[in-house]
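Asker: Predicted model and sequence follow; I will ask about them next.
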Amino acid sequence: MNARLPVLVLAAALAGGALALAQHARASANGAVTWKSQSVDLPYPGPHFSGEGAALLNPSCSTCHSADFVNGQPHLPLATWKMEVLKMKNVFHAPVEAKNVDALAKALFDRHPAPAK
Amino acid sequence: MGNMDRRAGGGVALGRRAVLGGAAAVGAAGMLGAGRALAAQDVQLPFANGMRPVAPAGMFPGKGEMILQRVRAPLLETPWEVYRKHLFIPNDQTYVRWHIPDFPTSIDVKKYRLRINGDVAHPFELTLDELVKRFPAVQTAAINQCSGNSRGFIDPRVPGAQWGNGAMYNALWTGVRLRDLLAHAGVKPGATHVAFHNIEQLIDPIPPHALFYKVLPLARANDESTLVAYEMNRSELPLLNGFPIRLVVPGWYATYWVKMLTEITVTTHPGTGFWMNPAYTIPDTPNGSMKPGETGLKMVPINAMDPRSFITSLVSGETIPAHKPSVLRGFAFGGGSALKSVAVSADNGASWKDAALGKDWGAYGSREWHLPFTPGKPGPVRLMVRASNAAGAVQPMVAGWNPGGFMYNAIEHVDVQAV
């Protein structure tokens, strides 16, 4: 019994080392894969628009995305903002009324002034 | 903007957010919502309006600290420090890019199926276990890079995800060859393309033509490098990176690397959906480049990547000894073909010296480089790095421009001080 103990200890140490090296690995050498279902939570809905133009932007944009991505856009020409609004309306069917397209583009343009030189 | 240091490699700095630190702080508070700790840090990406909150570890499932570009649908950027430490980016810090928040937050691996159909003799479907057991496993290193990586540096600026350089990751992929699946189904004569659908199911009010799917030419699908991958860096994929399986198209931009892949359809057309045209198209010109405002150009789906290279051993603002050798280090990749060489210039591109390349993990993976360097005198030094690939592409001094802000690959630099 005693003679076998060191072998067991060594085996345990090796196994521990292997686990440490491949902390999250699940594939074994023979290609076996253990599938485990995943269920996660996302920190939705994320930020809405605030400040100037928010009353117009939130109902038009927030159905599909949070405001942070838009707030991080650079200064862009008014015509570019209008194209973006029309893309959201025509491609993604954002709840944008035709009469609001120009006002939305202007609100977005105004929120992204040219950077100071 | 013109005077700003446009190299993210040197420019990304984490800093404690000042109390009441302006708009970004307000945004972070709103993003985190009740019951969560306020994000403690912002990051300044080195371009105008580049301040972003840092998502703390665990805010997004399976993800460590990430630069927060958008909460819904998630857009998470890898902080530059990660590339300084790892050639293979750890799964919990690989970037995340979803267009529409219409993907499931639960995946039942028992119910999940992959279907292969369309213009094939024998359509079939597989459980995840069958995918792994019935087809030979292949491992390959490959860079997954967003088509719009580094879009924030493009001049003039264009709308889209305003990434720094952190929308790319090198990983070791394990999966099965797509061509083995296609051969098993028996592609019919006359087929020209393969379409890839995923598990996304559109949310109201988004209409069917905006459903995300991508199409590859049949030859690219049948290339031996193209995989249906079930492991990333020898672990399961994080859900946000496409668990349980995603397409891997080494050498091509990540828009084709369809996450949560559920259906492979052999077809005779290049696809009519929004995500193939007009989205993710480039001018049919060298490097996908055009002049701002130029019209009448033929647009084609984006495809193979450009070469890129980065310095990681230094960031702008650091010092190096003036009269002692330092070893410059970094990583590079060839893009659509294997990396051929990496060269460094310390004289604004007048002369270049070839760096030594590290282990070759395969044509489409990242490769380390290093080069001993001794500054001749004290003072400012601009170090530039330039990669070229086997197909003959060389990084340009100024990146090409296109309206999508795709394929940025200008020569990177760091500005250091020799003392």
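Answerer: Looks like it arrived, so ask away.
Asker: Get me the contact residues on the stretch 151-300 of chain B for chain A.
Answerer: Residues of the stretch 151-300 of chain B lying near chain A by CB under 8 Å from any CB of the partner chain: B:152, B:157-159, B:161-162, B:174, B:203-207, B:209-210, B:230-231, B:234-236, B:239-240, B:243-244, B:274. Every residue, glycine included, has its C-beta placed from N, CA and C.
Asker: go again using 7 Å as the cut-off
Answerer: B:157, B:159, B:162, B:174, B:205-207, B:210, B:230-231, B:234-236, B:239, B:243-244, B:274 (CB under 7 Å from any CB of the partner chain).
Asker: Are any of these buried, and if so which?
Answerer: The neighbour count (16 or more other CB atoms under 10 Å in any protein chain shown) marks B:157, B:159, B:162, B:174, B:206, B:210, B:230-231, B:234-236, B:239, B:243-244, B:274 as buried among those.
Asker: Please narrow the residues you listed to those residing in strands.
Answerer: In strands, defined here by DSSP state E, the members of those are B:Thr174, B:Tyr230, B:Glu231.
Asker: pLDDT added to those residues, as TSV?
Answerer: TSV is the format used below for those (pLDDT from 0 to 100):
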residue	pLDDT
B:Thr174	98
B:Tyr230	98
B:Glu231	98
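Asker: List the contacts of the closest residue to chain A within the stretch 301-419 of chain B.
Answerer: Chain A sits closest to B:Pro403 of the stretch 301-419 of chain B, with a gap of 9.1 Å, by CB to the nearest CB. B:Pro403 sits next to B:Val158 when contact means CB atoms under 7 Å, 6 or more residues apart in numbering or on different chains.
Asker: cool, and B:Thr295?
Answerer: Applying CB under 7 Å, 6+ apart, no residues contact B:Thr295.
Asker: Centroid-nearest residue for chain B?
Answerer: Taking CA atoms, centre = their mean, the centroid of chain B lies closest to B:Gln145, which sits 1.8 Å from it.
Asker: and stretch B:132-140 with chain A, contact?
Answerer: Yes. Counting by CB under 7 Å from any CB, contacts between stretch B:132-140 and chain A involve B:Val132, B:Ala137.
Asker: How far away from the center of its chain is that stretch?
Answerer: In terms of CA atoms, centre = their mean, to the nearest Å, the centre of stretch B:132-140 is set 24 Å apart from its chain centre.
Asker: That one - what's its average pLDDT?
Answerer: Averaging pLDDT along stretch B:132-140 yields 97.
Asker: Name the residues of that stretch that come out as buried.
Answerer: Neighbour counts over stretch B:132-140 (16+ other CB under 10 Å) mark B:Val132, B:Phe135, B:Ala137, B:Val138, B:Thr140 as buried.
Asker: Straight-line length of it, end to end?
Answerer: 16 Å (CA to CA, to the nearest Å).
Asker: low-scoring stretches of chain A, by residue?
Answerer: By pLDDT under 70, the low-scoring segments of chain A are A:1-31.
Asker: Nearest to chain B: which residue in it?
Answerer: A:Gly46 (2.7 Å).
Asker: In this structure that residue contacts A:Phe69, no?
Answerer: No. Applying CB atoms under 7 Å as the test, A:Gly46 and A:Phe69 come out as separate, 9.1 Å apart.
Asker: In contact with B:Arg386, which residues?
Answerer: Counted by CB under 7 Å, 6+ apart, B:Arg386 has contacts B:Ser309, B:Ala343, B:Trp352, B:Val394, B:Gln395, B:Ile411.
Asker: hmm, back to that, nearest to B:His99, out of the buried ones among the residues of the stretch 151-300 of chain B next to chain A: which one, please.
Answerer: Set against B:His99, the nearest of these by CB to CB is B:Ala210 (8.9 Å).
Asker: The closest one: what's it in contact with?
Answerer: Shown in contact with B:Ala210 (CB under 7 Å, 6+ apart): A:Val91, A:Phe92, B:Leu202, B:Phe274.
Asker: And these, which of them are buried?
Answerer: Buried residues within those, counting neighbours by 16+ other CB under 10 Å: A:Phe92, B:Leu202, B:Phe274.
Asker: May I see these organised as CSV, with distance to B:Glu77 added?
Answerer: Below are the buried ones among the contacts of B:Ala210 laid out as CSV (distance: CB to CB, whole Å):
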residue, distance to B:Glu77
A:Phe92, 23
B:Leu202, 26
B:Phe274, 24
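Asker: Tell me the one of those residues nearest B:Ala363?
Answerer: Nearest member of the buried ones among the contacts of B:Ala210 to B:Ala363, counting by CB to CB, is B:Phe274, at 31.6 Å.
Asker: out of everything not next to it in sequence, what's closest to that closest one?
Answerer: Nearest non-adjacent residue to B:Phe274, counting by CB to CB, 6 or more residues apart in numbering or on different chains: B:Ala210, 5.1 Å away.
Asker: Which residue would be the closest one in chain B to chain A?
Answerer: For chain B, CB to the nearest CB, closest residue to chain A: B:Val71, 2.7 Å.
Asker: quick one: that residue and A:Asp68 touch, right?
Answerer: Yes. Between B:Val71 and A:Asp68 there is a contact under CB under 7 Å: 6.1 Å.
Asker: Which of the two has more residues huddled nearby?
Answerer: Ranked by neighbour count (other CB atoms under 10 Å in any protein chain shown), B:Val71 and A:Asp68 place B:Val71 first, with 29 against 24.
Asker: B:Leu76 - that's part of a strand, no?
Answerer: Yes. The assignment for B:Leu76 is a strand, going by DSSP: H, G, I helix; E, B strand; the rest coil.
Asker: Please name the residues that touch B:Asn49.
Answerer: A:Gly72, A:Pro74.
Asker: What segments of chain A are helices?
Answerer: Along chain A, the segments classed as helices by DSSP state H run A:5-21, A:54-61, A:68-71, A:78-90, A:101-111.
Asker: buried set for the last one?
Answerer: Right, helix A:101-111. In helix A:101-111, counting by 16+ other CB under 10 Å, buried: A:Val101, A:Leu104, A:Ala105, A:Lys106, A:Ala107, A:Leu108, A:Phe109, A:Arg111.
Asker: Stretch B:161-176: which residues count as buried?
Answerer: B:161-176.
Asker: Need the max-distance pair from the residues you listed.
Answerer: With distances taken as CB to CB, the most widely separated pair in the buried residues of stretch B:161-176 is B:Gln162 and B:Val176, at 36.0 Å.
Asker: Are we agreed that B:Ala219 is in a strand?
Answerer: No. Under three-state DSSP, B:Ala219 falls outside any strand and is assigned helix.
Asker: measure it to B:Val176 for me?
Answerer: Distance of B:Ala219 to B:Val176, given as CB to CB, to the nearest Å: 19 Å.
Asker: Over to A:Val33?
Answerer: 11 Å.
Asker: ok so, going back, which residues does the residue of chain B closest to chain A contact?
Answerer: A:Pro43, A:Tyr44, A:Gly46, A:Pro47, A:Ser66, A:Asp68, B:Met31.
Asker: In a markdown table, list these along with distance to B:Arg115.
Answerer: Listed next are the contacts of B:Val71 as a markdown table, based on distance: CB to CB, whole Å:
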| residue | distance to B:Arg115 |
| --- | --- |
| A:Pro43 | 32 |
| A:Tyr44 | 29 |
| A:Gly46 | 33 |
| A:Pro47 | 38 |
| A:Ser66 | 33 |
| A:Asp68 | 36 |
| B:Met31 | 37 |
